[in-house]
Each structure stands twice: as structure tokens, then as C-alpha cells.
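Asker: Build me a model from this:
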Amino acid sequence: MSVETKPDEPELLIVTGMSGAGKTAATAALDDLGWFVVDNLPPSLLMQLLDTITERTEQRRIAVVADVRGGVFFSELQGALDNLADRGIRPHMLFLEASDEALVRRFESARRPHPLQGDGRVLEAINEERKLLSELRTGADLVLDTSLLNVHELAARIRMAFADPDAGLQAIVVSFGYKYGIPVDADVVADMRFLPNPHWVPELRPQTGRDIGVSEYVLSQPGAPEFLDRYTELLASMTDGYLREGKRFVTVGIGCTGGKHRSVAMAEAIATRLRDISIETLVVHRDLGRE
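Answerer: Numbers count the residues shown, from 1 in each chain. Sure, this is the predicted structure:
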């Protein structure tokens with residue numbers, strides 16, 4: 001059973017994840033949205049922080065960054081979260097993820113060491129950090145893969161997820177190509193390779209799923225309308241359950257071979273259906289233009 005935050009208690013967001021994955025940009029976006037942001041607080045001080053802020057201010061949206069920079073203090077995070085649960089506070093958790101290649105590139109570009117690097121290689125430190133954070137990642141409410149995002153795109157994702165404290169379930173629909181890998185931040189994934197590929201239709205090949213010709217072709221294929229109806233109903237049926245469990249964000253992956261035609265067309269159609277039933281939805285075409 002999940003523990004929900006009481007109406008008079010603050011809303012607490014734990015921001016964590018891989019070093020170099022964009023926590024600075026994410027917290028800057030939260031600050032712009034009016035969150036009270038605290039970076040690198042020892043987890044044992046979480047309760048004291050909440051009491052101090054709520055007693056002295058009217059602020060009720062608090063974001064705390066907790067990551068491996070905290071050293072020995074970081075290991076106290078789970079115990080601090082358990083103490084909050086005993087008080088009836090169920091924090092949300094944002095986990096920022098990125099590929100090894102992206103993280104190595106960012107550390108080399110910034111010319112700074114990884115917090116766990118010591119005298120070793122940056123890739124070894126990244127692997128060690130992934131192991132340390134694996135349990136937190138599993139329990140996160142929202143995992144964002146920033147490998148292909150710039151700071152503006154990341155800020156847009158943060159605004160979409162955290163701007164409105166009264167919003168219901170919010171969805172990100174991500175089209176992708178299987179040849180580039182399944183999105184690591186997807187909660188649910190659907191495969192569009194059961195539909196004919198517009199790549200083999202000469203006049204459609206240079207177009208994308210955003211173009212009306214490709215969209216009409218994909219959505220008119222046998223099985224496509226039925227899939228669209230049933231999959232949207234399935235996602236809608238999960239909404240109340242996600243919210244009861246304190247999960248307000250869902251990332252839906254829609255894949256095809258290259259992420260250009262079928263997945264793009266179906267992702268746009270699913271997003272439209274979700275918006276029609278009042279689920280705020282952002283569409284991201286991860287692999288469009290990579291071919």
C-alpha cells in the first residue's frame with residue numbers, strides 16, 4: 001500500500017540520478033516554476049528542512065537534490081524516506097538517466113572528474129554509480145533519459161511534469177526505432193512492426209509519420225484502428241491505479257524499425273486520444289532524423 005501526502009503537508013520531490021545527466025538544468029527549471037530547491041542536502045536533515053520551511057513560509061513545493069556527491073550521507077537516503085513515510089509524507093522521485101556515451105562526452109567536455117572517479121577512468125566511475133543507484137532508479141516515479149536532450153528540451157519536460165500541482169496523470173509518448181534501442185525511461189512499450197512499413201512505398205519513403213500521407217497509410221492498415229482504440233483504452237484504464245500508487249507520470253514508448261514512419265504516426269495518434277480524455281500529453285520523436 002502506498003502512503004499519500006496529506007493535504008496540509010508539503011509536496012516533496014527528490015531529484016537524483018546519474019552525475020552529468022542534467023540535475024543542474026532540471027533544478028533550475030524547478031526553481032523557475034516556484035519550487036524551493038535545496039542541493040546536496042544530507043538526507044538525515046530532510047525532516048528538519050520540511051519543518052523549517054513549512055513553519056516559516058507558505059512554500060509547499062520543495063525539491064531536494066540527493067546524489068553520490070553526498071558520500072557517506074547519501075547512504076542514509078532510504079532511511080530518511082522511511083521516516084517521512086511514517087509521518088504520512090510520500091515524496092515523489094525524479095531520476096535523471098543518460099547513456100554511458102553521453103555521460104563520458106559531457107565529463108570530457110566539462111573537463112571535470114566524476115565524483116566517484118578518483119584515480120580511475122570515468123567509465124568505471126559511471127558503472128559504479130549505476131550500481132549504487134539501481135534501487136533508487138527502480139522506485140522512481142519519473143525516469144528521464146537526457147542522452148539526446150538539450151537543456152531547453154529537458155526544461156520543457158520538467159515544466160510539463162511539475163508545473164501544476166493539481167494535475168492528474170501526465171504522459172510522455174516517445175516514438176523510437178528498435179535499431180537504436182528501447183528508451184530506458186519507458187514505463188510501457190508497444191511495437192508497431194506488425195504494420196506494413198511505409199519505407200517500402202517509394203512515394204512515402206522520404207516522408208515521416210508526421211506527414212498526412214504516411215499517417216493515413218499507417219492508420220488505415222488492418223489492425224491499426226483496433227490497436228489504437230484498445231491501447232488507448234488500456235492506458236486510460238491504468239490512470240486511476242497509477243494515481244492511487246502516487247505515480248503521476250507515465251512514459252509510453254511506441255517503436256518501429258527506424259523510428260521514422262509507423263511509430264511516429266501512431267505516437268501522434270495515441271497522444272491525440274489521450275488529450276481527448278484530459279491526460280496532458282507530450283510527444284517526443286526520439287529517433288526522427290537519425291536515418
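Asker: now the helices: where do they sit in the stretch 1-150 of the chain?
Answerer: With DSSP state H, counting those that start in this stretch as the definition, the stretch 1-150 of the chain shows helices at residue ranges 23-32, 46-56, 77-86, 100-110, 122-139.
Asker: Which one of those helices lies nearest to residue 62?
Answerer: For residue 62, the closest of these is helix 46-56, at 6.1 Å, according to Cβ to Cβ. In short, each C-beta sits where N, CA and C put it, glycine included.
Asker: angle of the closest one against helix 77-86?
Answerer: Using axes from the mean of the first three to the mean of the last three Cα atoms, to 10 degrees, the inter-axis angle of helix 46-56 relative to helix 77-86 is 50 degrees.
Asker: Show the contacting residues for residue 62.
Answerer: Neighbouring residues of residue 62 by Cβ atoms under 8 Å, 6 or more residues apart in numbering: 10, 11, 12, 13, 35, 36, 37, 38, 49, 50, 53.
Asker: try residue 237
Answerer: Residue 237 neighbours (Cβ under 8 Å, 6+ apart): none.
Asker: Can you list the low-confidence ranges for the stretch 101-250 of the chain?
Answerer: Within the stretch 101-250 of the chain, the stretches with pLDDT under 70 are 165-167.
Asker: Need the per-residue pLDDT for the residue nearest to residue 59 when sequence neighbours are not counted.
Answerer: Nearest residue to residue 59, sequence neighbours excluded (Cβ to Cβ, 6 or more residues apart in numbering): residue 36, at 4.8 Å. pLDDT recorded at residue 36 is 93.
Asker: Mind listing what's buried along the helix ranked longest in the chain?
Answerer: For the chain, the helix reaching the highest residue count under DSSP state H is reported as helix 224-244. Residues 224, 227, 228, 231, 232, 235, 239, 242 are the ones in helix 224-244 that count as buried (16 or more other Cβ atoms under 10 Å).
Asker: quick one: terminal-to-terminal distance for stretch 185-192?
Answerer: End-to-end span of stretch 185-192 (Cα to Cα, to the nearest Å): 19 Å.
Asker: can I assume residue 279 is in contact with residue 169?
Answerer: Yes - the pair residue 279 and residue 169 qualifies as a contact (Cβ atoms under 8 Å) at a distance of 5.7 Å.
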